[in-house]
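Q: just coords:
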């Protein structure tokens, strides 16, 4: 795979484009690429081109567009991950993995059992966007997921964004009408869906009930208890795979 660089304002009508400063720095100072090297540039919205480095001057890099590259197909269902914020490394992994499997957007939320201080979490969205960008480059997807600003779980529930939403419950939760994966495999796939995943300590009963009253359907992955940082990958990958089929 060619080294990939994000150019948000990529214009296919121009022969030469300039890389953003951060991307130019990465190309010239980190990867130490030279004029004439081949790369790929993409706009994060589905447009991608093979390109050749035309000139390098300090942190300014110009590339010449060559031919368009076919985009990697997006999943059949446009999935949003609403993730209760995990401890630093675990949250980074959750964002990285969600990006890798094709999640369209990520909404970090503060829940009652979130152990990360709200003041720190509120400043982390930009870091998670960088994590998502690095994962996008690595996995080859053409569309950059949206990482939203941090909000409280209560505020998110109050927005009413619960159409085709599933709140993941721990195996010990005895909730009527809990949806199983096999149930979803028998039903038509939605165009959009939301997966709501809790923190290390799980949802409080009040949070769980509030989400269900707002329209979220309780979802179970089975009888085993997974690590908090493994849950978003396992759940999102399972849902997307079932709906893809």
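A: Happy to help now that I have it. Everything numeric here is computed off the predicted structure, so don't read it as measured data. Residues are numbered from 1 along each chain as shown.
Q: Identify all contacting residues around the lowest-mean-pLDDT helix or strand in the chain.
A: Least confident helix or strand of the chain, by mean pLDDT, DSSP states H and E, is helix 118-121 with a mean of 75. For helix 118-121, the external contacting residues (Cβ atoms under 8 Å, 6 or more residues apart in numbering) are 85, 108, 110, 114, 150. Heads up, the C-betas are built off the backbone N, CA and C, glycines and all.
Q: In strands, which of these appear?
A: In strands, defined here by DSSP state E, the members of the contacts of helix 118-121 are 108, 110.
Q: any idea which element the residue positioned nearest the centre of the chain lies in?
A: By Cα atoms, centre = their mean, the chain has its centre lying nearest to residue 99, at 3.7 Å. Per DSSP states H and E: residue 99 is located in helix 88-101.
Q: which residues in the chain form strands?
A: For the chain, the strands defined by DSSP E cover 4-6, 16-18, 38-42, 48-57, 60-68, 78-84, 105-110, 146-147, 151-152, 165-168, 179-180, 192-197, 217-220.
Q: what angle separates the third one from strand 48-57?
A: An angle of 120 degrees separates the directions of strand 38-42 and strand 48-57 when computed by axes from the mean of the first three to the mean of the last three Cα atoms, to 10 degrees.
Q: what comes into contact with strand 38-42?
A: For strand 38-42, contacts defined as Cβ under 8 Å, 6+ apart pick out 1-7, 10, 17, 19, 27, 33, 48-53, 63, 65-66, 69, 142.
Q: Emit the ChimeraX select command for whichever of these are buried.
A: To isolate the buried members of the contacts of strand 38-42 in ChimeraX, using 16 or more other Cβ atoms under 10 Å:
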select :4,5,6,7,10,17,19,27,33,48,49,50,51,53,63,65,69,142
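Q: returning to that earlier point: adding mean pLDDT and distance to residue 209, write the strands of the chain out as CSV.
A: Listed next are the strands of the chain as CSV, based on pLDDT from 0 to 100; distance: least, Cβ to Cβ, whole Å:
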stretch, mean pLDDT, distance to residue 209
strand 4-6, 97, 41
strand 16-18, 95, 52
strand 38-42, 97, 43
strand 48-57, 96, 45
strand 60-68, 96, 50
strand 78-84, 97, 16
strand 105-110, 97, 16
strand 146-147, 97, 28
strand 151-152, 95, 16
strand 165-168, 94, 10
strand 179-180, 90, 16
strand 192-197, 96, 13
strand 217-220, 93, 10
